[in-house]
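Visitor: The amino acid sequence is not available; the structure is as follows:
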């Protein structure tokens with residue numbers, strides 16, 4: 001008997017069955033008596049806060065409620081591992097955010113291992129204990145959300161997970177865990193986790209939130225091209241004198257209000273990572289979160 005359950009991207013609930021019957025379907029297929037499977041279905045519906053919806057059909061439920069029914073149905077067969085194939089992709093933003101918390105809570109309550117396939121990096125970073133970043137079927141990095149985001153081990157991971165400014169060049173100095181890279185846009189210092197040696201081609205990565213106004217180390221002279229408001233945060237898109245594009249994420253304060261002015265920005269070496277030169281990330285790759 002298989003110990004793995006699957007939640008489909010389209011949920012695949014049976015429209016003519018009542019909610020509790022959907023949840024109990026796997027148990028019925030395994031020959032469990034009706035009373036026992038009904039009791040189990042109600043127990044799981046209580047777990048996902050849907051016990052009062054048990055006699056309805058899926059068409060009478062909201063999108064988030066149908067999602068929870070699919071979770072309860074998958075848990076009914078007591079799986080060791082639950083595979084979720086982009087289960088929130090059809091929901092709107094606020095409902096996705098709510099269901100992330102719901103799924104996380106259910107996983108903690110049941111202790112079942114969730115393997116969560118998603119193209120939404122926010123989901124992966126928010127929900128997972130461990131993340132596997134895959135490139136063309138090969139795992140590039142496995143770690144916690146903080147490790148994968150803040151300490152990428154490859155250029156693919158750095159460029160694929162989250163946003164990152166990139167400056168390609170050649171290592172010109174190396175000292176301890178730090179290195180200097182000479183690029184067409186300047187000479188910068190950054191962390192050197194893979195031990196790159198002088199003369200090697202490399203890319204420096206720095207996250208938009210680590211770009212600051214007036215930083216004396218790793219300075220870039222830019223002018224502001226565009227300001228995109230995202231409520232409490234602002235994305236600033238800059239161009240350097242040498243033609244490089246730089247993204248900067250700042251709180252929505254007065255310093256983000258200027259547009260078209262000359263701005264000196266920079267970043268510290270401790271917040272930048274220099275990695276071996278590899279092709280930039282392609283779109284359409286998957287993140288598996290556990």
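Guide: Yep, it's here. Computed from a prediction, not measured in an experiment: that's the story for all the values here. Numbers count the residues shown, from 1 in each chain.
Visitor: Going by C-alpha atoms from here, please, whenever you check contacts or count neighbours.
Guide: Fine.
Visitor: any idea how far residue 115 is from the nearest residue to residue 80 once chain neighbours are set aside?
Guide: In this structure, residue 80 finds its nearest non-sequential neighbour in residue 3, 5.3 Å apart by Cα to Cα, 6 or more residues apart in numbering. When distance is defined by Cα to Cα, to the nearest Å, residue 3 is 13 Å away from residue 115.
Visitor: Equivalent analysis for residue 242, please.
Guide: Distance, residue 242 to residue 115, by Cα to Cα: 44 Å.
Visitor: same thing with residue 13?
Guide: 20 Å.
Visitor: domains of this protein?
Guide: What automatic domain parsing lists as the domains of the chain is 4-129, 163-276.
Visitor: now those as JSON lines including mean pLDDT and mean neighbour count?
Guide: Formatted as JSON lines, the domains of the chain follow (pLDDT from 0 to 100; neighbours: other Cα atoms under 10 Å):
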{"stretch": "domain 4-129", "mean pLDDT": "87", "mean neighbour count": "18"}
{"stretch": "domain 163-276", "mean pLDDT": "89", "mean neighbour count": "18"}
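Visitor: Among those, single out whichever gets nearest to residue 149.
Guide: Within the domains of the chain, the stretch nearest residue 149 is domain 4-129; the backing value is 8.2 Å (Cα to Cα).
Visitor: Please state the offset of the closest one from the chain centre?
Guide: Chain-centre distance of domain 4-129: 21 Å, with Cα atoms, centre = their mean, to the nearest Å.
Visitor: Next, the distance between the ends of it.
Guide: Here the two ends of domain 4-129 are set 19 Å apart, with distance taken as Cα to Cα.
Visitor: what are the ranges of the helices in this protein?
Guide: Secondary structure of the chain, counting by DSSP state H: helices at 19-29, 34-47, 63-75, 93-110, 121-127, 145-150, 155-160.
Visitor: what does the second one contact?
Guide: Residues from elsewhere that reach helix 34-47 (Cα atoms under 8 Å, 6 or more residues apart in numbering): 20-21, 23-24, 27-28, 51, 54, 69, 72-73, 75-76, 106.
Visitor: Now the two most distant members of the residues you listed.
Guide: Longest distance between any two of the contacts of helix 34-47 is 23.2 Å, between 28 and 106; criterion Cα to Cα.
Visitor: Spatially nearest residue to residue 269, not counting backbone neighbours?
Guide: The nearest residue in space to residue 269 (Cα to Cα, 6+ apart) is residue 190, at 4.1 Å.
Visitor: Who is that neighbour paired with across the strands?
Guide: Note on residue 190: beta-bridge partners residue 179, judged by DSSP bridges.
Visitor: Tell me the spacing between it and residue 173.
Guide: To residue 173, residue 190 is 11 Å away according to Cα to Cα.
Visitor: list the contacts for the closest residue to residue 55 other than its chain neighbours?
Guide: Of all residues not flanking residue 55 in the chain, residue 18 sits nearest, at 5.4 Å (Cα to Cα, 6+ apart). Residues in contact with residue 18 (Cα under 8 Å, 6+ apart) are 54, 55, 56, 57, 58.
Visitor: nearest residue to the last one other than its sequence neighbours?
Guide: In this case it means residue 58. Residue nearest to residue 58 in three dimensions, not counting chain neighbours: residue 15, with 5.7 Å by Cα to Cα, 6+ apart.
Visitor: what are the phi and psi values for the one you found?
Guide: With angles defined as degrees, to the nearest 10, residue 15 sits at phi -70, psi -30.
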